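got a structure for you, letters missing:
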């Protein structure tokens, strides 16, 4: 039976890889075993494929933040159902990228409401139409502009939008009583980020957004990251938010300096590290360099 399940899951993973072949994070994480982990106050995380899922097990229902892929979303649903017979009150998306929303479809007929920032809905629908897979999406039915709030059992969830960052539709979600914040892909922990300029990313405003996050939350706040170089370190503190903000500042300073020195984009893209940011590693440094160059040149 185990061999049969392995073959089945491997086949599913290869099928997903073909669908999301342009998504480097999907490719790197398709074969990871999943981890369902409580953090505190009935809030926890789930990791397997793609962006980290946050979850709430409240007295009157479940909440999931992000959904990964159709192959992994059923696993977090299964684990939550083990905690009791309760409704799924909300499925919430931090932004529209497929490694955070492709699994939404697994919640069809299950989640009472699907929540995201209004730009995330626009971006998800546009990407699905371009990929001709709108029928494989579960789109948000509840959207907001600057913020959104909802009580769920003894917990209160608040959403905040700080403008363009990783995309133009990133929102953060605060479990107020647990004091846990899911920032989605507004923080890539020690890992070179994906900066989606096609969907409104802006590094300068991203830096400002991270400053607002540091001022809004306190030293006891626990943060959930969308991605981390070390898959065991998908949570952290304000110090990690500051470290990532410093990475973005150092990226812009480096690329700006290279432009002033007369370097071409081709030359700048040959860099293998960002000065003053040695902790940031992994694949995809060219994405950071290219996005910074284009933003600084007004392209």
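That came in fine, so what should we check first? Keep in mind that what you see is a predicted model, and the values were worked out from it rather than measured. Residues are numbered from 1 along each chain as shown.

okay, CA-based contacts and neighbour counts for the rest of this
OK.

buried sites along the helix or strand in which residue 243 is found?
Residue 243 is part of helix 238-260 when elements are defined by DSSP states H and E. Within helix 238-260, the residues that qualify as buried are 238, 240-252, 254-256, 258-259, counting by 16 or more other C-alpha atoms under 10 Å.

Contacts only, for residue 191.
By C-alpha atoms under 8 Å, 6 or more residues apart in numbering, residue 191 lies in contact with 227, 228, 229, 279, 280, 281, 282.

okay but the last one is in contact with residue 228, surely?
Read it as residue 282. No - the pair residue 282 and residue 228 does not pass the contact test of C-alpha atoms under 8 Å, sitting 9.8 Å apart.

the more surrounded of those two?
A count of neighbours by other C-alpha atoms under 10 Å puts residue 228 above the other of residue 282 and residue 228, at 23 against 13.

Please tell me how far the more buried one sits from residue 47.
The spacing between residue 228 and residue 47, counted by C-alpha to C-alpha, to the nearest Å, is 11 Å.

thinking again about what came up before, would you mind giving the contacts of residue 191 as a markdown table with pLDDT and secondary structure added?
Listed next are the contacts of residue 191 as a markdown table, based on pLDDT from 0 to 100; DSSP: H, G, I helix; E, B strand; the rest coil:
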| residue | pLDDT | secondary structure |
| --- | --- | --- |
| 227 | 98 | strand |
| 228 | 98 | strand |
| 229 | 97 | coil |
| 279 | 97 | coil |
| 280 | 97 | coil |
| 281 | 96 | strand |
| 282 | 95 | coil |
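
how about the helices of the stretch 1-150 of the chain, start to end?
In the stretch 1-150 of the chain, the helices defined using DSSP state H, counting those that start in this stretch lie at 2-19, 24-29, 73-81, 98-101, 118-131.

Comparing those, which yields the minimum mean pLDDT?
Lowest mean pLDDT of the helices of the stretch 1-150 of the chain: helix 2-19, a mean of 41.

so what pLDDT did residue 238 get?
pLDDT, read off for residue 238, is 98.

dump the residue contacts of it.
214, 218, 219, 221, 222, 223.

that's a strand at the second one, yeah?
No - in this structure, residue 218 is coil, not part of a strand, as judged by DSSP: H, G, I helix; E, B strand; the rest coil.
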